[in-house]
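A.B. asks: Provide a 3D model corresponding to the input given below.
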Amino acid sequence: MKSIGKYFIFIGSLFVKMESFKTYFKLTMEECVLIGLNSFLLVALVSTFMGAVSTLQTAYNLVSPFIPDYIISTVVRDMMLLELASTVIAIIYAGKVGSSMAGGLGTMRITEQIDALEVMGINSASYLVLPKILASLLMFPVLVIFAAALGILGGYLAAVMTGIMSGADYQYGIQYLFVEYSVKFALIKSVVFAFLVASISSFKGYYTTGGALEVGQASTRAVTESVIAILLADYLLAQMLLTS
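C.D. replies: Below is the predicted model:
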């Protein structure tokens, strides 16, 4: 409970003694490049293969002659939108981006760079952490949309190249009984996950104490706790937004 309280105090401190809009804009754009653009390749590879594997496994399990082929792509579409493109990519995001945030802030803490900012009268938490959170909120939903599109495309390529179904059937299945709320649900999840990963990782890195060994431990804890938070939030959001 002490750690949770400290976390919420940390979040509140981000909005005290803030810098100018121009400063935050510049820092946020720099973080967008580090967080978003540098993650596109990894997200593209993972999401494409997730879509392809989901198509093959769904086709393998749907063996009944009474189930039309286009249902395969319908299942893949819903899997990508509702779960895989947001939750699985968020876990990968926590491992890549979250550990980097925690490690960077932890290194700044043990080398006394954060203390130097405080001496100059700058709110170091707001100056260093708020742009990371804003950039995460901006870029991660884009990554999720990108992942969903590539996952569906990967499923299409797997279906056509292996002869499981025709391209026309796959396209029809994507449109069959499409619910627009699935896209909104994925975007809501992406915003929540983006905030959790960025804030928890920054919190762990910002309060690192010790030396280089502790920086590595802080990065590990940041990823572990971010993944736990993602899974808990995933369940709660599904409970509130899909079953209510």
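A.B. asks: Walking through the chain, point out its helices one by one.
C.D. replies: Counting by DSSP state H, residue ranges of the helices within the chain are 2-13, 21-35, 40-61, 70-79, 89-93, 99-110, 113-119, 124-162, 167-175, 181-206, 212-241.
A.B. asks: Including mean pLDDT and mean neighbour count, could the ones you listed go into CSV?
C.D. replies: Just so you know, the C-beta spots here come from the backbone N, C-alpha and C atoms, and that holds for glycine as well. Putting those into CSV (pLDDT from 0 to 100; neighbours: other CB atoms under 10 Å) gives the following:
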stretch, mean pLDDT, mean neighbour count
helix 2-13, 85, 12
helix 21-35, 88, 15
helix 40-61, 90, 18
helix 70-79, 88, 22
helix 89-93, 92, 24
helix 99-110, 89, 22
helix 113-119, 84, 14
helix 124-162, 91, 22
helix 167-175, 87, 16
helix 181-206, 92, 22
helix 212-241, 90, 17
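A.B. asks: Pull stretch 110-119 out as PDB, backbone CA atoms only.
C.D. replies: Only the C-alpha atoms of stretch 110-119 are listed here, as PDB (Å, rounded to 0.1, in the frame of the first residue of the first chain):
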ATOM      1  CA  ILE A 110      22.400   7.300  -9.700                       C
ATOM      2  CA  THR A 111      24.500   9.700 -11.700                       C
ATOM      3  CA  GLU A 112      22.800  12.600  -9.900                       C
ATOM      4  CA  GLN A 113      21.500  14.300 -13.000                       C
ATOM      5  CA  ILE A 114      18.000  14.400 -11.500                       C
ATOM      6  CA  ASP A 115      19.400  16.000  -8.400                       C
ATOM      7  CA  ALA A 116      21.100  18.600 -10.600                       C
ATOM      8  CA  LEU A 117      17.700  19.500 -12.200                       C
ATOM      9  CA  GLU A 118      16.200  19.900  -8.700                       C
ATOM     10  CA  VAL A 119      19.000  22.200  -7.700                       C
END
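A.B. asks: For that stretch, which outside residues touch it?
C.D. replies: Here stretch 110-119 makes contact (CB atoms under 8 Å, 6 or more residues apart in numbering) with 105, 108, 124, 127-128, 206, 208-212, 214-215.
A.B. asks: can you give me the offset of it from its chain's centre?
C.D. replies: The chain centroid and the centroid of stretch 110-119 are separated by 29 Å under CA atoms, centre = their mean, to the nearest Å.
A.B. asks: Stretch 217-236 now?
C.D. replies: The mean C-alpha position of stretch 217-236 is separated from the chain mean by 11 Å, CA atoms, centre = their mean.
A.B. asks: For that stretch, output the C-alpha coordinates as CSV.
C.D. replies: Coordinates of each C-alpha in stretch 217-236 appear next as CSV, following Å, rounded to 0.1, in the frame of the first residue of the first chain:
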residue,chain,number,x,y,z
GLN,A,217,16.8,-4.5,-11.0
ALA,A,218,14.5,-1.5,-11.4
SER,A,219,14.1,-2.2,-15.1
THR,A,220,13.2,-5.8,-14.3
ARG,A,221,10.6,-4.7,-11.7
ALA,A,222,9.2,-2.1,-14.1
VAL,A,223,8.5,-4.7,-16.8
THR,A,224,7.1,-7.3,-14.3
GLU,A,225,4.8,-4.8,-12.6
SER,A,226,3.7,-3.3,-15.9
VAL,A,227,2.8,-6.7,-17.3
ILE,A,228,0.8,-7.5,-14.1
ALA,A,229,-1.0,-4.1,-14.4
ILE,A,230,-1.8,-4.7,-18.1
LEU,A,231,-3.3,-8.1,-17.3
LEU,A,232,-5.4,-6.8,-14.4
ALA,A,233,-6.6,-3.8,-16.5
ASP,A,234,-7.4,-6.1,-19.4
TYR,A,235,-9.7,-8.2,-17.3
LEU,A,236,-11.3,-5.2,-15.6
